[in-house]
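**Q** I need the structure of the sequence given here:
(4 chains, ligands or ions: 5)
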Amino acid sequence: MISLTSPVETRAHRWPAGPKLGGLCLASTALFMVGDIAVHAAALVAVLALYAAPGPVFLRAGLRSLRVVLPFVAVLLAWHAAAGDMRLGLLITLRMVTLVALANLVTMTTGLEDLVELVRRLTAPLRRLGLPTGMLEIAIPLVIRFTPVLVARAETLAEAWRARSRRRPGWRLILPLTLQALDDADHVGEALRARGGPLGPHGQE
Amino acid sequence: MERNIAQIALFAAMIAALGLVPQITLGFGVPITAQTLGVMLAGAVLGARRGAAAAALFLLLVALGLPLLAGGRGGLGAFVAPTAGFALGFPVAAFATGLFVEHVRLRSAGLAAGLGAVFGGIAVLYVFGATGLAIVAQKSLLEAFTLVAVFIPGDLLKAAITGMLVQALARVRPQTLAWHHQAAGPGERRL
Amino acid sequence: MHRCETAQCAIRLDDLGYEVAGRPVLDGVTLHSSARRIGVVGRNGSGKSTLARLLAGLIAPTRGQLRIGGRDVFRDRRAALETVGILFQNPEHQIIFPRVAEEIAFGPRQQGLDKVQTAARVESVLRSFDKLHWKDAPISALSQGQKHLVCMMAVLAMRPRLLILDEPYAGLDIPTRRQLARYLHRIETRLLHISHEPSDLESCDELFWLDRGRIVAQGAPAGLLPDFTAEMIRLGELDDIADLAG
Amino acid sequence: MHRCETAQCAIRLDDLGYEVAGRPVLDGVTLHSSARRIGVVGRNGSGKSTLARLLAGLIAPTRGQLRIGGRDVFRDRRAALETVGILFQNPEHQIIFPRVAEEIAFGPRQQGLDKVQTAARVESVLRSFDKLHWKDAPISALSQGQKHLVCMMAVLAMRPRLLILDEPYAGLDIPTRRQLARYLHRIETRLLHISHEPSDLESCDELFWLDRGRIVAQGAPAGLLPDFTAEMIRLGELDDIADLAG
Ligand SMILES: Nc1ncnc2c1ncn2[C@@H]1O[C@H](COP(=O)(O)OP(=O)(O)OP(=O)(O)O)[C@@H](O)[C@H]1O
Ligand SMILES: Nc1ncnc2c1ncn2[C@@H]1O[C@H](COP(=O)(O)OP(=O)(O)OP(=O)(O)O)[C@@H](O)[C@H]1O
Ligand SMILES: O=C(O)CCCC[C@@H]1SC[C@@H]2NC(=O)N[C@@H]21
Ligand SMILES: [Mg+2]
Ligand SMILES: [Mg+2]
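**A** Numbering: from 1, shown residues only, chains lettered A, B, ... in the order given. Ligands and ions are numbered 1, 2, ... in the order given. Now for the predicted structure:
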């Protein structure tokens, strides 16, 4: 889900990450303050227009990554329909879709390195206080790496299972999955160490 | 050191990945989520400090705008929602779970982990969650507690899963549980 | 070329295509063979592993038809399990369980053997590779070549009629490789052997050369392998890796 | 045997031991070499990859001493980064990032290059392997051999003085292997090449034969490899894999 990467290079890729994330935070917070459906609908249309701007390939990739929220939208709408408060249901789902779309948009158009660089700058004051914030710069991309890897791991395991069984794996893969994930962490730990890991870039110091 | 970072990142990712498990959102806006299972596991496997670090790292990424909370939510908005108390309580819950397994010595690692999860992932977490709900939804603390009590059966199930998984880990890979000092059995003989 | 006694295990691919995200990985592959040892050779990224996964019924073709012994191995999983066994290229993609014996036991058990029969099967496989002492070993403590061997034992324990081996020799040392080669030569099982290394495929009965998702040549190793090797060497001489200046 | 101009990058292992859970994986390894291309050959499970990880300072020996160019690469990580680079045997154990360019950029960036320099370095490595179009490719969509090549580029981009290659050729096809071999021959970097395949190591200057965690022979390839190959073939003939009856 978060290996949200754009299939095409957009103009937004060249914008600095700071303002993009800042804008995202502002927009998220603003949307939470506003309770007017019309505003939310307009915001969603605006975000979709942003998706359409770089062309159909980008739009399709963007919509694909939005699919994860659809079940959530359905449940929420059904819930509120049953509770007889459709207005609130619409409001919540509109807001949710817009927020996720906006967050995805920023992620799709921001390189990992730019994001990490941003955190690096934001945590600079802490570093001066002696906190080991260098680790964050490693840890953040790692989480972003591990999440799709965990999903891929589950798929690989399911394929290995299917190659030798016609039953569905279900819960029986939980322990192997956990073990493999822990092994993965060990390997990544070693790979990090081999190439500098938490030392952090030191040329600039 | 590198291994610690990798494991912390791994469990943060696990909390995120568990957010992909479909959840049910209750009327007052709090979802039943598998993510608390990730929080319990982080504390029970990694221990207090690293477990809390994993949950905190997860929150940092959410704050950065990544849609990692259950239902694909993210951004600073998540920290003003009715669920914000729970979310902010994740690191504390993981810490408490870890503290429990590290200090309450039981023969069975699985039992320790299960009880630790009940303590950290339920008792401690609900204090945060109910307080958050009380503030955001303008309810009394007591009302808030009765509201969130509906999650208890589900969370007990998650604590049980934590216990079983840790029990199995202690059997096949005891060295991953730093807090579980037990000499490797004969099965751990290396080739 | 050997003919299969029954048509049971012959491979038929007709105009097979496999796309990922609109990009063809395999394209118009037509392959009919009932040879006993079939080889597939090709460069890195030519689509060999994808072909292996299609043949094992693990993924569905996006175009065309695939039949093993007349069966649709993607849909009919029960038949597929009796028919094809696959050795994955990366052992870590195949291993499910933490210990050697569990890993080997899994397949036969799923095929319907009871516990006692399975245990006997596991013992016999381990003994035949002289690795009985690995039984309770944690797989994560094995070297890469050793993991590869465990995967091989796990597939052989299922006694499939068609055995798909994706680069089986890449990780194994010479003695193990030679023993295994003789063993594979002796058993009844039909083989589909995938490799980027022509010398591995000399003893095949029929060879297919895969290039950028298409079959560009097929025939007996004596005819095809020299051409393949010559072309590979020619490509290898072509443009040199430039200096890493800058 | 080539002598190193400076003592900077010579390898010194003295009575090195590495144990896991009380069982020795490496035992009393003493190895001094300042040859430019050092080879390590041995069977599966003989301890080659463990030796590689020790040499790269990734794990600490449980006994004895290890110095690369006079430095303790386990303790002094900063020095180690300039000194040794390692290509892991399994590419999936090495890959940290989701995209090719990020993966290659990580090492140089940690070495202190700024963004612009790093980008130039990444481009130059990709271009020299004629793989500029891989830049933004997601690594998960690459074939195993292609992943291996990405790992190789990621290590080369760091320009270490000693390059440890753990079975670098196992996954690569002939053209890539030949180009790489010529490239490795040309660069200044000192090489330690690990393989179970004697033919890979013919062009080394000094060879070490590892067996069950000990060095059992050392010398020039011309003397050592024929012995090794003969022994491997002998072992391969020895006991055959028994039939999987039962
Ligand atoms: N999941 C995927 N998404 C996109 N492309 C893929 C995917 N899997 C494979 N490919 C592409 O398909 C091509 C064939 O891959 P495959 O793994 O079948 O090659 P191979 O012949 O087995 O190569 P190798 O010798 O390196 O193992 C590659 O170019 C690869 O980039
Ligand atoms: N983490 C570990 N725990 C226990 N034993 C281990 C561990 N890692 C390696 N070993 C053992 O140490 C021995 C050497 O392993 P190593 O991976 O170094 O072998 P190798 O020479 O690289 O083999 P291959 O050619 O198969 O890659 C093996 O017998 C293996 O079982
Ligand atoms: O998603 C969020 O914003 C935070 C999670 C809130 C869900 C809480 S956590 C404890 C309790 N158990 C559940 O399954 N859901 C609630
Ligand atoms: Mg392949
Ligand atoms: Mg090895």
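
**Q** what are the ranges of the strands in chain B?
**A** B:24-25, B:31-32 (DSSP state E).

**Q** low-confidence regions, the chain specifically.
**A** In the absence of a named chain, this looks at chain A. The model of chain A has pLDDT under 70 over residues A:1-7, A:65, A:68-69, A:71-72, A:75-76, A:111-113, A:116, A:130-132, A:197-205.

**Q** switch to chain C, please.
**A** C:1-9, C:239-246.

**Q** quick check: longest helix of chain A.
**A** As assigned by DSSP state H, the longest helix anywhere in chain A is helix A:134-162.

**Q** that one and ligand 1, are they touching?
**A** No: if you take Cβ under 6 Å from any ligand atom as the test, helix A:134-162 misses ligand 1, and the best it gets is 9.4 Å. To be clear about C-beta, it is placed using only N, CA and C from the backbone, and glycine gets the same treatment.

**Q** would you mind writing the CA trace of stretch C:165-174 as CSV?
**A** Extracted in CSV, the C-alpha atoms of stretch C:165-174 (Å, rounded to 0.1, in the frame of the first residue of the first chain):
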residue,chain,number,x,y,z
LEU,C,165,14.0,-27.3,-11.3
ASP,C,166,14.8,-23.6,-11.4
GLU,C,167,18.6,-23.3,-11.4
PRO,C,168,19.0,-26.3,-9.1
TYR,C,169,22.8,-26.4,-9.4
ALA,C,170,23.6,-22.7,-8.9
GLY,C,171,24.0,-23.1,-5.2
LEU,C,172,25.3,-26.7,-4.9
ASP,C,173,28.9,-27.8,-4.7
ILE,C,174,30.4,-30.2,-7.1
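
**Q** what number of residues lie near B:Leu68?
**A** Neighbourhood size, B:Leu68 [other Cβ atoms under 10 Å in any protein chain shown]: 28.

**Q** from chain D, how far out is it?
**A** 16 Å (Cβ to the nearest Cβ, to the nearest Å).

**Q** and for B:Met40?
**A** 27 Å.

**Q** list the residues that contact that residue.
**A** Contact partners of B:Met40, counting by Cβ atoms under 8 Å, 6 or more residues apart in numbering or on different chains, are B:93-94, B:97, B:116-117, B:120-121, B:158-159, B:162.

**Q** follow-up on the earlier one: which of the strands of chain B has the lowest average pLDDT?
**A** Lowest mean pLDDT of the strands of chain B: strand B:24-25, a mean of 62.

**Q** coming back round to it: can you put the contacts of B:Met40 in a markdown table and add pLDDT, neighbour count and distance to ligand 2?
**A** Output for the contacts of B:Met40, formatted as a markdown table (pLDDT from 0 to 100; neighbours: other Cβ atoms under 10 Å in any protein chain shown; distance: Cβ to the nearest ligand atom, whole Å):
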| residue | pLDDT | neighbour count | distance to ligand 2 |
| --- | --- | --- | --- |
| B:Ala93 | 97 | 30 | 32 |
| B:Ala94 | 97 | 37 | 28 |
| B:Thr97 | 97 | 36 | 28 |
| B:Gly116 | 96 | 30 | 28 |
| B:Ala117 | 97 | 33 | 29 |
| B:Gly120 | 96 | 31 | 31 |
| B:Gly121 | 95 | 31 | 32 |
| B:Lys158 | 94 | 25 | 31 |
| B:Ala159 | 96 | 25 | 32 |
| B:Thr162 | 95 | 30 | 26 |
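
**Q** contacting residues around residue 85?
**A** In the absence of a named chain, this looks at chain A. Contacts of A:Asp85 by Cβ under 8 Å, 6+ apart: none found.

**Q** that's the other chain; I wanted chain C
**A** A:163-164, C:56, C:107, C:155-156, C:158-160, C:162-164.

**Q** can you give me the offset of the helix or strand hosting it from its chain's centre?
**A** Remark: C:Gly85 resides in strand C:84-87, with elements defined by DSSP states H and E. Relative to its parent chain, strand C:84-87 has a centroid offset of 6 Å by Cα atoms, centre = their mean, to the nearest Å.

**Q** just stretch A:33-47 next, same as before
**A** On Cα atoms, centre = their mean, the centre of stretch A:33-47 falls 22 Å from the chain's centre.

**Q** which residues touch it?
**A** Against stretch A:33-47 from outside (Cβ under 8 Å, 6+ apart): A:27, A:31, A:87, A:90-91, A:94-95, A:97-98, A:101-102, A:105.

**Q** of these, which pair is most distant in space?
**A** A:Arg87 and A:Leu105 (26.8 Å; Cβ to Cβ).

**Q** quick one on the thing from earlier: would you mark the buried spots in the longest helix of chain A?
**A** A:134-151, A:153-154, A:156-162 (16 or more other Cβ atoms under 10 Å in any protein chain shown).

**Q** and what of stretch B:109-123?
**A** Buried, per 16+ other Cβ under 10 Å, within stretch B:109-123: B:109-110, B:112-122.

**Q** tabulate those (JSON lines), appending distance to ligand 3.
**A** Shown next, in JSON lines, are the buried residues of stretch B:109-123 (distance: Cβ to the nearest ligand atom, whole Å):
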{"residue": "B:Ala109", "distance to ligand 3": "24"}
{"residue": "B:Gly110", "distance to ligand 3": "21"}
{"residue": "B:Ala112", "distance to ligand 3": "21"}
{"residue": "B:Ala113", "distance to ligand 3": "18"}
{"residue": "B:Gly114", "distance to ligand 3": "16"}
{"residue": "B:Leu115", "distance to ligand 3": "17"}
{"residue": "B:Gly116", "distance to ligand 3": "16"}
{"residue": "B:Ala117", "distance to ligand 3": "12"}
{"residue": "B:Val118", "distance to ligand 3": "12"}
{"residue": "B:Phe119", "distance to ligand 3": "14"}
{"residue": "B:Gly120", "distance to ligand 3": "12"}
{"residue": "B:Gly121", "distance to ligand 3": "8"}
{"residue": "B:Ile122", "distance to ligand 3": "8"}
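
**Q** name the nearest of the residues you listed relative to B:Val148.
**A** B:Ile122 (10.2 Å).

**Q** and that closest one, how far from B:Ala96?
**A** 10 Å (Cβ to Cβ, to the nearest Å).

**Q** kindly report the same for A:Ala49.
**A** A:Ala49 is 46 Å from B:Ala96, by Cβ to Cβ.

**Q** now do the strands in chain C.
**A** Using DSSP E, strands in chain C cover C:11-20, C:23-33, C:37-42, C:63-68, C:84-87, C:162-166, C:190-195, C:206-211, C:214-219.

**Q** can I get the ones you listed in a markdown table with distance to C:Val116?
**A** Putting these into a markdown table (distance: least, Cβ to Cβ, whole Å) gives the following:
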| stretch | distance to C:Val116 |
| --- | --- |
| strand C:11-20 | 35 |
| strand C:23-33 | 38 |
| strand C:37-42 | 34 |
| strand C:63-68 | 31 |
| strand C:84-87 | 22 |
| strand C:162-166 | 25 |
| strand C:190-195 | 29 |
| strand C:206-211 | 40 |
| strand C:214-219 | 45 |
